[in-house]
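Novice: can't give you the sequence, but here's the structure:
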């Protein structure tokens, strides 16, 4: 079975973006960015909610285009509409069942890129096994939570932690399995 890793940048106070969707304040350059780009090789697919996918539009991404080369994209949205391709699949409904089927299909690890609402739903349904947090040394005070609309409590096991010179800390966790 394939595993899902929610691999995302976050603030010290637990937000993945500001209320308006901005990530102003996140450190975008440095060794942690190079390591992130290298880490994409460990995935063969990426999951994104609508707002996360549309975030790329401000950088020239067009609807239906892949945001990350060499990854199969699954965009979850009931309102988006674009021509799908082999590289980008639009999932309009039955998100949980679709992701369960995807996890049971052939392939490698799956990157959950964002956003918080999709992550909250997948988390509530026990579909996330790993969590990789790029903790930025900034506080937003409010914004989109890591697991939006989720009140689930879960224990994570820290697998590794790395501090970068610019203050970003990369923490890798797996969900503790109750045996």
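Specialist: Structure's in. What do you need? All of these numbers come straight from a predicted model, not from anything done at the bench.

Novice: pretty sure residue 61 is touching residue 67, no?
Specialist: Yes. Assessed by CB atoms under 8 Å, residue 61 is found in contact with residue 67 at 5.6 Å. From N, CA and C alone the C-beta is placed, and that goes for glycine too.

Novice: neighbour count: the two, which is higher?
Specialist: Set residue 61 next to residue 67 and count neighbours by other CB atoms under 10 Å: residue 67 wins out with 19 against 14.

Novice: residue 117 in helix, strand or coil?
Specialist: helix (DSSP: H, G, I helix; E, B strand; the rest coil).

Novice: could you list every residue that touches the closest residue to it other than its chain neighbours?
Specialist: Among residues not flanking residue 117 along the chain, residue 148 sits closest, at 4.7 Å (CB to CB, 6 or more residues apart in numbering). Listed by CB atoms under 8 Å, 6 or more residues apart in numbering, the contact set of residue 148 reads 115, 116, 117, 119, 120.

Novice: of those, which one scores lowest on pLDDT?
Specialist: Lowest pLDDT among these: residue 115, with 91.

Novice: count the neighbours of that one for me.
Specialist: 25.

Novice: I figured it hits residue 16, correct?
Specialist: Yes. In terms of CB under 8 Å, residue 115 counts as a neighbour of residue 16; the distance is 6.6 Å.

Novice: can you check which residues contact both of those two?
Specialist: Common neighbours of residue 115 and residue 16 (CB under 8 Å, 6+ apart) are residue 144.
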